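Colleague: Got a sequence here, can you build the structure:
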Amino acid sequence: MQPSDLIAWVESRRAAEDRERSELRQAGPNPSAAIESALALIALAGHLHGWPVPKSEVDLREEELVQQRWAKVRAAFGKP
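Modeller: Modelled structure (predicted):
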């Protein structure tokens with residue numbers, strides 16, 4: 001294999017990628033494919049982690065922060 005063979009292969013792959021991107025741009029979004037992909041991701045998450053997916057440490061901290069701030073707002077207006 002010569003370096004020129006590899007260069008030609010890379011150029012043909014780049015040209016194919018450019019054509020694919022151009023065709024996708026012209027075709028526009030595909031709502032049914034987007035929904036199918038989203039449902040597949042949900043199924044994968046459920047398969048890997050169980051359902052409902054457990055909350056991350058970040059989510060738990062953020063929820064606690066929201067609850068603390070909401071308690072301050074309620075206290076400021078005299079609500080328990």
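
Colleague: mind listing what residue 53 touches?
Modeller: Going by C-beta atoms under 8 Å, 6 or more residues apart in numbering, residue 53 touches 45, 46. For glycine as for every other residue, the C-beta is placed from the backbone atoms N, C-alpha and C.

Colleague: what mean pLDDT does the longest helix anywhere in the chain have?
Modeller: If you go by DSSP state H, the chain has its longest helix at helix 3-27. Helix 3-27 shows a mean pLDDT of 94.

Colleague: and it, what does it pack onto?
Modeller: For helix 3-27, not one helix or strand is in contact under the criterion 3 or more C-beta pairs under 8 Å, 6 or more residues apart in numbering; DSSP states H and E.

Colleague: Check residue 80 and give its pLDDT.
Modeller: Predicted confidence (pLDDT) for residue 80: 68.

Colleague: got it, and residue 68?
Modeller: Reported pLDDT for residue 68: 96.

Colleague: Just the element for it, please.
Modeller: Element membership for residue 68 (DSSP states H and E) is helix 57-76.

Colleague: So for that helix, what gets flagged as buried?
Modeller: Residues of helix 57-76 include none that count as buried (16 or more other C-beta atoms under 10 Å).

Colleague: With just CA atoms, put it into CSV.
Modeller: This file holds the C-alpha atoms of helix 57-76, laid out as CSV (Å, rounded to 0.1, in the frame of the first residue of the first chain):
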residue,chain,number,x,y,z
GLU,A,57,-25.9,13.1,43.2
VAL,A,58,-26.0,16.4,41.3
ASP,A,59,-29.8,16.1,40.8
LEU,A,60,-30.3,15.3,44.5
ARG,A,61,-28.2,18.3,45.6
GLU,A,62,-30.0,20.6,43.2
GLU,A,63,-33.4,19.4,44.4
GLU,A,64,-32.3,20.0,48.0
LEU,A,65,-31.2,23.5,47.1
VAL,A,66,-34.5,24.3,45.4
GLN,A,67,-36.4,23.0,48.5
GLN,A,68,-34.3,25.2,50.8
ARG,A,69,-34.8,28.3,48.6
TRP,A,70,-38.6,27.6,48.4
ALA,A,71,-38.8,27.3,52.2
LYS,A,72,-37.1,30.8,52.5
VAL,A,73,-39.6,32.3,50.0
ARG,A,74,-42.5,30.8,51.9
ALA,A,75,-41.1,32.0,55.2
ALA,A,76,-40.7,35.5,53.9
